[in-house]
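Chemist: all I have is the shape, not the residue letters:
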């Protein structure tokens, strides 16, 4: 039975016994068992919103960490961010982009992953099983796995008084100071008033968007925008479920914003760039705040960005050292170009960095940078937050940093993309299976080349975008990677640019895979009788 794609809540007759069994299998870290329960839920005709909500409820207490770094005997180790919530967000959109028979596949990948994504802190020190418990020859002792640990218990709301602006500022202060539970309690209180909720959600995502590290070369301990991804997932899942049904989503997503470490120095640069390059003033040791009149005026720019002008800007951002990108961005803004058009150009620049990355282990910065730009685009379109221009400076800096990280680490390898000679005379319908075969064979150059052949055919791009979305859904074991494919297709659907589809083909085929990346989709295909997935 195909999954109900509606975001409407399930209502009555929820199969509690099945959800209890799902919880039992997830907490037992049983991927196959949890997946079998999911198939039963599909056969019972349960709606996606209900299944997603229950999945978040089950994992929410166990996907927080006390800190996103560890110092182990003098060595700094990164503790990963939660991919379970991000995968659930991707499910909301991918299920609408794939064929109806495969609409349950994105959530199948989420359910397959969740048992391996619990208690990452203990995974990293080899005290729990899962996706991140990696060490040569490591295996847990026989018997049931240890129960996943809850580091941040759920809380009751704290209701502040005063104007909304002051209450939001108090929440942000607690986030900045790393007062995790105190900030979370205030956030719960802020969410109680429906009339204020959109402003509260905007501030939540803003707090995630400003938290990006200021260096990355030779680092593994960094935040690559994950807090903004988690905040966006909180917003989109909460809206889909209805806020009256979304407390576990808020618990899973909002609490982490204050968990350390927190990096704001890149955003501080963006603030100072406004003072120096927009206001034309020197930065002094005095307190600054808010959005200036000139900054607001530039936010309201509506001018176009010409193709040649945009290409020159991107070349500066990804090829030239700092601070030339700051000067180039400022020139575009002062010439009247709409900031949103500049953000579209930055997405093309990030897609180029993905295309020029050939090593499967080299996608961390490019893929996260692209998702950051995708998230900022969503934020720009969804909220009228006054600090968006500062975020545009930050995003430009992030892309420059990602490109130079790739250059200095030997990952940036410019490529010439050409359709295969064998494509001559083939129809688009003949080319599409070759895109699929190359991606499933993890052959990046051929996947990109056949995608180019499809584009050269002049055929409708919609089937190609749908095929790439399906391929992103099929290749699993770390569903954050399938979210990158979704981001590229999402942005293509908003503003058709062929390079985004080429980058999607490249990333989907080449990014690092874990285990058998097709296992979950094969199991889903066999269980649900979908022959092409088997």
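Modeler: Sure, I can see it. It should be emphasised that the depicted structure is a prediction, and the values quoted were computed from it without experimental measurement. Residues are numbered from 1 along each chain as shown.

Chemist: what about residue 458, neighbour count?
Modeler: Residue neighbour count, defined by other Cβ atoms under 10 Å, stands at 8 for residue 458. Every C-beta, even on glycine, is put in place using the N, C-alpha and C of the backbone.

Chemist: pretty sure it is in a helix, no?
Modeler: No. Judged by DSSP: H, G, I helix; E, B strand; the rest coil, residue 458 forms no part of a helix; its state is coil.

Chemist: and the gap between it and residue 486?
Modeler: Using Cβ to Cβ, to the nearest Å, residue 458 is found at 26 Å from residue 486.

Chemist: what's the answer for residue 318, then?
Modeler: Distance from residue 318 to residue 486, counting by Cβ to Cβ: 23 Å.

Chemist: can you give me the strands for the chain?
Modeler: 69-72, 75-78 (DSSP state E).

Chemist: let me have those strands in a markdown table, extended by distance to residue 238, mean neighbour count and mean pLDDT.
Modeler: Listed next are the strands of the chain as a markdown table, based on distance: least, Cβ to Cβ, whole Å; neighbours: other Cβ atoms under 10 Å; pLDDT from 0 to 100:
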| stretch | distance to residue 238 | mean neighbour count | mean pLDDT |
| --- | --- | --- | --- |
| strand 69-72 | 28 | 13 | 91 |
| strand 75-78 | 28 | 12 | 90 |
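
Chemist: make TSV out of those and add distance to residue 388.
Modeler: Compiled in TSV, the strands of the chain are given as follows (distance: least, Cβ to Cβ, whole Å):
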stretch	distance to residue 388
strand 69-72	29
strand 75-78	29
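
Chemist: residue 143: which of these is closest?
Modeler: strand 69-72 (26.1 Å; Cβ to Cβ).

Chemist: packing partners for the closest one?
Modeler: strand 75-78 (3 or more Cβ pairs under 8 Å, 6 or more residues apart in numbering; DSSP states H and E).

Chemist: the strand it packs on: how far from the chain's middle?
Modeler: 23 Å (Cα atoms, centre = their mean, to the nearest Å).

Chemist: just stretch 168-176 next, same as before
Modeler: The answer for stretch 168-176 is 24 Å, by Cα atoms, centre = their mean.

Chemist: show me what counts as buried in stretch 158-167.
Modeler: 158, 167 (16 or more other Cβ atoms under 10 Å).

Chemist: okay, how far is it across it, tip to tip?
Modeler: 11 Å (Cα to Cα, to the nearest Å).

Chemist: who touches that stretch?
Modeler: Here stretch 158-167 makes contact (Cβ atoms under 8 Å, 6 or more residues apart in numbering) with 170, 182, 185, 186, 188, 189, 190, 192, 196, 199.

Chemist: just the buried residues of those residues.
Modeler: Buried, going by 16+ other Cβ under 10 Å: 170, 182, 185, 186, 188, 189, 190, 199, out of these.

Chemist: which pair in the residues you listed spans the largest distance?
Modeler: Farthest pair in those (Cβ to Cβ) is 182 and 199. Separation: 20.4 Å.

Chemist: and the helices in the stretch 101-250 of the chain, which stretches?
Modeler: 105-113, 120-124, 164-176, 180-190, 197-209, 226-241, 247-253 (DSSP state H, counting those that start in this stretch).

Chemist: nearest to residue 145, out of those?
Modeler: Of all the helices of the stretch 101-250 of the chain, helix 120-124 sits nearest to residue 145, with 10.1 Å by Cβ to Cβ.

Chemist: list the buried ones in the closest one?
Modeler: For helix 120-124, the neighbour count (16+ other Cβ under 10 Å) marks 120, 121, 122, 123, 124 as buried.

Chemist: distance from it to the middle of the chain?
Modeler: 21 Å.

Chemist: next one: stretch 32-50
Modeler: On Cα atoms, centre = their mean, the centre of stretch 32-50 falls 25 Å from that of its chain.

Chemist: do stretch 290-303 as well
Modeler: 28 Å.

Chemist: what residues sit buried inside that stretch?
Modeler: Quick answer for stretch 290-303 (16+ other Cβ under 10 Å): 292, 295, 298, 299, 301.

Chemist: mind checking the end-to-end distance for it?
Modeler: End-to-end span of stretch 290-303 (Cα to Cα): 25 Å.

Chemist: closest to residue 264 out of the buried residues of stretch 290-303?
Modeler: Using Cβ to Cβ, residue 295 comes nearest to residue 264 of the buried residues of stretch 290-303, at 18.4 Å.

Chemist: the closest residue to residue 401 other than its chain neighbours and residue 281, how far apart?
Modeler: Residue nearest to residue 401 in three dimensions, not counting chain neighbours: residue 216, with 5.9 Å by Cβ to Cβ, 6 or more residues apart in numbering. Residue 216 is 30 Å from residue 281, where distance means Cβ to Cβ.

Chemist: what's near enough to touch the residue lying farthest from the centre of the chain?
Modeler: Centroid-distance maximum for the chain: residue 425 at 38.6 Å, with Cα atoms, centre = their mean. With Cβ under 8 Å, 6+ apart as the criterion, no residue contacts residue 425.

Chemist: give me the packing partners of the longest helix along the chain, helices and strands only.
Modeler: In the chain, with assignment by DSSP state H, the single longest helix is helix 388-408. If you count contacts as 3+ Cβ pairs under 8 Å, 6+ apart, helix 388-408 packs onto helix 197-209, helix 265-273, helix 293-299, helix 307-319, helix 324-334, helix 339-355, helix 364-382.

Chemist: so which elements touch the longest one?
Modeler: Going back to what we said before, that points to helix 364-382. So helix 364-382, by 3+ Cβ pairs under 8 Å, 6+ apart, packs with helix 197-209, helix 226-241, helix 339-355, helix 388-408, helix 480-494, helix 498-510.

Chemist: same check on the second one?
Modeler: In this structure, helix 265-273 makes packing contacts with helix 388-408, judged by 3+ Cβ pairs under 8 Å, 6+ apart.

Chemist: average pLDDT for the helix it packs on?
Modeler: Averaged across helix 388-408, the pLDDT comes to 96.

Chemist: swap in stretch 268-284?
Modeler: Per-residue scores along stretch 268-284 average to 92.

Chemist: and the end-to-end length of it?
Modeler: Start to finish, the residues bounding stretch 268-284 are 13 Å apart (Cα to Cα).

Chemist: from here on, count from 25
Modeler: New numbering, starting at 25: the last item is stretch 292-308.

Chemist: which residue packs closest to residue 277, ignoring adjacent ones?
Modeler: residue 258 (3.1 Å).

Chemist: gap between that neighbour and residue 506?
Modeler: Applying Cβ to Cβ, the value for residue 258 to residue 506 is 19 Å.

Chemist: tell me how many other residues surround the nearest residue in space to residue 388 that is not next to it in sequence.
Modeler: Using Cβ to Cβ, 6+ apart and skipping residues adjacent in sequence, the residue nearest residue 388 is residue 248, 7.0 Å away. Under the neighbour criterion other Cβ under 10 Å, residue 248 is assigned a count of 20.
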